[in-house]
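In: could you look at this predicted model? Sequence included:
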Amino acid sequence: MHAQFSINNPAPATVDQIVNNILVGAGVVPTNITFNGLPANAVNDQVGFWKTNLNPTNTGFDPLEQGLVLTTGKVNIALGPNNLPNAASVPSKPYVGDADLSKLSGKSINNVAILEFDFVATGLELNFDFVFGSEEYPEYVDTNFNDAFGFFLSGPGISDVYSN
């Protein structure tokens with residue numbers, strides 16, 4: 001239901017402000033924030049934030065929480081309803097391809113939403129809660145491309161096949 005969940009376009013917020021004020025919590029200090037390789041203060045139509053309006057939702061998040069929304073289309077239609085097959089809303093500055101997501105999914109990657117930042121955590125534990133959704137499900141399942149989500153950590157003592 002729309003009244004239980006809302007998605008807000010970031011304007012006049014910046015990607016920096018959304019990361020600092022909504023995404024990260026106490027004990028995490030983000031730096032070098034970029035979205036799709038753009039400067040950290042670039043407002044893009046693929047980034048927004050959500051809140052539950054103090055009501056329970058089917059996302060699994062607490063009614064008092066809020067968070068970041070990243071979309072490969074336009075964030076202002078992410079809430080839906082999606083009642084049209086093959087519906088699409090291309091962002092004003094689409095960003096195409098990512099080697100790590102392609103390696104992870106085993107398929108080619110078209111539109112992407114890539115948020116990157118460095119951080120120092122001062123606590124003993126780091127938590128990341130997410131919900132992954134797809135506008136293209138089920139139309140494109142088992143085709144040449146599909147939606148993918150990756151959460152990549154790098155740093156001292158972490159090694160993997162993915163870049164950065």
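Out: Noted; the coordinates are in hand.
In: please name the residues that touch the closest residue to residue 74 other than its chain neighbours.
Out: Spatial nearest neighbour of residue 74, excluding adjacent residues (Cβ to Cβ, 6 or more residues apart in numbering): residue 89 at 4.4 Å. For the C-beta atoms, the positions are set from N, CA and C on the backbone; glycine is no exception. By Cβ atoms under 8 Å, 6 or more residues apart in numbering, the contact list for residue 89 reads 73, 74, 77.
In: out of those residues, who's the most crowded?
Out: With neighbours taken as other Cβ atoms under 10 Å, the top of the contacts of residue 89 is residue 73, carrying 19 neighbours.
In: is that residue in a helix, a strand, or coil?
Out: Secondary structure state of residue 73, per DSSP: H, G, I helix; E, B strand; the rest coil, is coil.
In: what about the most centrally placed residue in the chain, distance to residue 78?
Out: For the chain, the residue nearest the mean C-alpha position is residue 70 (3.0 Å; Cα atoms, centre = their mean). In this view, residue 70 and residue 78 are 9 Å apart by Cβ to Cβ, to the nearest Å.
In: list the contacts for the nearest residue to residue 129 once chain neighbours are set aside?
Out: Nearest non-adjacent residue to residue 129, counting by Cβ to Cβ, 6+ apart: residue 61, 7.0 Å away. Residue 61 makes contact with 52, 67, 129, 131, according to Cβ under 8 Å, 6+ apart.
In: also residue 73?
Out: Here residue 73 is in contact with 46, 88, 89, 90, 91, 111, 135 (Cβ under 8 Å, 6+ apart).
In: if you set the cut-off to 6 Å instead, what comes out?
Out: Residues in contact with residue 73 (Cβ atoms under 6 Å, 6 or more residues apart in numbering) are residue 89.
In: and the end-to-end length of stretch 13-29?
Out: 18 Å (Cα to Cα, to the nearest Å).
In: other residues contacting the helix or strand of the chain with the lowest mean pLDDT?
Out: In the chain, no helix or strand scores lower on mean pLDDT, DSSP states H and E than strand 6-8, which sits at a mean of 76. Residues outside strand 6-8 that contact it (Cβ under 6 Å, 6+ apart): 48, 49, 50, 51, 53, 69, 78, 79.
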